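K.L.:
A structural model of the following input is requested.
(2 chains)
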Amino acid sequence: MTSAPTPVRVRIGPSPTGDPHVGTAYVALFNYAFAKKNGGKFILRIEDTDQKRSSPDSEQAIMNSLRWLGLSWDEGPDVGGSHGPYRQSERLNIYRDYVNQLVESGHAYWCTCTQERLAEVRKRQLALKQPTGYDGHCRERSQTEVLAEIQSGTPGVIRLKTPHTGQTRFNDFFRGDIVIENTEVDDQVLFKSDGFPTYHLANVVDDRLMGITHVIRGEEWISSTPKHVLLYQAFGWQHPQFCHLPLLRNADKSKVSKRKNPVSLEYFREAGYLPDTLLNFLGLMAFSFEDAREIFTLEDFVQNFKLERVSLGGPVFDLQKLLWLNGRYLREKRTDAQIVQYLQDQLFSTEYLSQIVPLVKERVEKSEDFVAYADFFFAGSVLVSPENYLMKDVERKRTIELYEFLIEKLEALRPFDATHIDSALRAFCLEHALKSRDLFMPVRLMVTGKKATPPLFETMAVLGRERCRTRMRSALQALRAMPV
RNA sequence: GGCCCCUUCGUCUAGCGGUUAGGACAGCAGCCUCUCACGCUGUAGACGCGGGUUCGAUUCCCGCAGGGGUCACCA
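P.N.:
Below you'll find the model as predicted:
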């Protein structure tokens, strides 16, 4: 006689610390499909335990992007559910209670080591070519002594007391048993001095409390899974089934990153990719249908989804194939009327045009002039010969380096409006001893492909961060490839 | 560097001991066509290396190499 199977419950736990990431969508898709295929629940949990980097804007953007893709969740911060709250910052007291339980049972301990000491320990370990990790300083001290320090105001953290002997074993659905020596696992911080838990603690407690049956997440987590398993053991809980998906890759096979690839879901939307295309494409990553079909709906994907058909080589996120797929969707899955509507909504929206018109109206005389003058607001690529990107009296190598810095600076610029762009660019000139006019023309050419445009800062603001960064990156690439 | 994971055309992948190693994107050639694109047809292109196991290995095992991930009071 078999007991009734536990209902499948899976979750996606994005950290609201930046733009909605394509990797989040990829992992969400697989979780969603697994839940739906098995009649289970798909849960969205916001993992905002990093106070410094988390923002409500990012959280909202992530939810908007997932919704745009059509991945809806059964439980989450906005839709509620029986296992809430679904925002980790709202569960602080829960983590505190559980971590105290660990301290009481002797599975965790307080630590008052300073960042400086930690850095020193690390430095020494590196110098001696020893494995890096916490040296257990406070673990060896009397807890009453450590606690006294904390009473008197010294900031402290709680660390997991990992065993010094033996090994930790867990099963990964795709890879089978993975065994790691406990000496490889260091005393990870569970509870930070700001009263927030770390990912390790929060994810274990929440997965348990939320009844998560399968943890489907990226492969990057494999190496910290032993810590999680040890935590489950310390609590006396059974752990969920782990399923580590292969990571999306850049063309050079490294983990997909914004420096080498567009990764923001907002970029894909703005650049004109259809949500169903993107989802379909993500479904092609590490997965294949038994009948080899490559074009399918989300419903098809759910119906045919099987963890057994996930392949493990890290898939390169190949923009060329995505482009082809998007073309087919446009041609085959949209009527002309839908495309007209789509263009009006996406590319020629009243909102976008309203921003452009004030910039160009003084420079034009007839409606057709707008097309010639404002084309770069709508164009995909605005590349010109790379020598145009060179700065006066700056050698190429240095130029490339400077643009790298500049792009990074602009990527992080928030809000991305004319005022901020203005000061960011001017500050950049000061920092690197550049004349503003020497920098502004190449930048103008990178983002617009033209020498004559409306004022640069306003223009960049209207184009938006994603378009600017993509254009600057491809300009930079052209500059790198330029024959000397 | 330690530990862990991975390894079929350039890329996404099929394959689960015996196949002319299949499909898709990109490439190339041709057809279609006022051009381009679409579409269609064809073509080139892969089992990382070395040992085993086996009558037989792309497929199973071991080693090596290569790639990746991870070593935070970030997730």
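
K.L.:
okay, CA-based contacts and neighbour counts for the rest of this
P.N.:
Fine.

K.L.:
quick check: closest non-adjacent residue to residue A:462.
P.N.:
Spatial nearest neighbour of residue A:462, excluding adjacent residues (CA to CA, 6 or more residues apart in numbering): residue A:355 at 6.4 Å.

K.L.:
so what's the residue count around residue A:182?
P.N.:
Counted with other CA atoms under 10 Å, residues neighbouring residue A:182 total 18.

K.L.:
now do the contacts for it.
P.N.:
A:162, A:163, A:164, A:165, A:166, A:167, A:168 (CA atoms under 8 Å, 6 or more residues apart in numbering).

K.L.:
pick the one among the residues you listed closest to residue A:279.
P.N.:
Nearest to residue A:279 among those: residue A:168, at 36.3 Å, using CA to CA.

K.L.:
run through the stretch 301-450 of chain A and note the low-pLDDT ranges.
P.N.:
Residues of the stretch 301-450 of chain A meeting the criterion pLDDT under 70: none.

K.L.:
contacting residues around the helix or strand harbouring residue A:225?
P.N.:
According to DSSP states H and E, residue A:225 maps onto helix A:225-235. With CA under 8 Å, 6+ apart as the test, helix A:225-235 has contacts from A:102, A:107, A:160, A:162, A:168-170, A:180, A:185, A:188, A:200-201, A:204, A:238-239.

K.L.:
from residue A:435, how far off is the residue nearest to residue A:462?
P.N.:
Distance of residue A:355 to residue A:435, given as CA to CA, to the nearest Å: 29 Å.

K.L.:
can you count the residues close to residue A:246?
P.N.:
21.

K.L.:
residue numbers of the stretch 101-250 of chain A in contact with RNA strand B?
P.N.:
Those residues of the stretch 101-250 of chain A that sit near RNA strand B, judged by CA under 7 Å from any atom of the strand, are A:112-115, A:118, A:122, A:129, A:131-133, A:155-157, A:174-175, A:177-181, A:184, A:188-189, A:191-194, A:197-200, A:219-224, A:247.

K.L.:
just the buried ones from those?
P.N.:
Burial by neighbour count, 16 or more other CA atoms under 10 Å: within these this picks out A:112-113, A:122, A:156-157, A:174, A:180, A:184, A:188-189, A:191-192, A:197-200, A:222, A:247.

K.L.:
narrow these to those in helices?
P.N.:
Using DSSP state H, the members of these that fall within helices are A:122, A:199, A:200.

K.L.:
and these, which is closest to residue A:277?
P.N.:
Residue A:277 lies nearest to residue A:199 out of those, by CA to CA, at 32.2 Å.

K.L.:
leaving aside the residues next to it on the chain, what's closest to that closest one?
P.N.:
Of all residues not flanking residue A:199 in the chain, residue A:49 sits nearest, at 7.1 Å (CA to CA, 6+ apart).

K.L.:
check which helix or strand covers residue A:27.
P.N.:
Using DSSP H and E, residue A:27 sits in helix A:22-37.

K.L.:
do that helix and RNA strand B meet?
P.N.:
No. Looking at helix A:22-37 against RNA strand B by CA under 7 Å from any atom of the strand, there are no contacts, and the closest approach is 9.9 Å.

K.L.:
and that helix, how far out from the chain middle?
P.N.:
With CA atoms, centre = their mean, to the nearest Å as the basis, helix A:22-37 stands 15 Å off its chain's centre.

K.L.:
need the contact partners of that helix.
P.N.:
Contacts of helix A:22-37 (CA under 8 Å, 6+ apart): A:8-12, A:14, A:40-42, A:66, A:71, A:73, A:216-218, A:245, A:247-248, A:256, A:263-265, A:279, A:282-283, A:301-303, A:305-307.

K.L.:
how about stretch A:273-280?
P.N.:
Outside stretch A:273-280, the residues touching it (CA under 8 Å, 6+ apart) are A:25-26, A:29, A:68-70, A:268-269, A:294-298, A:322, A:325-326, A:329.
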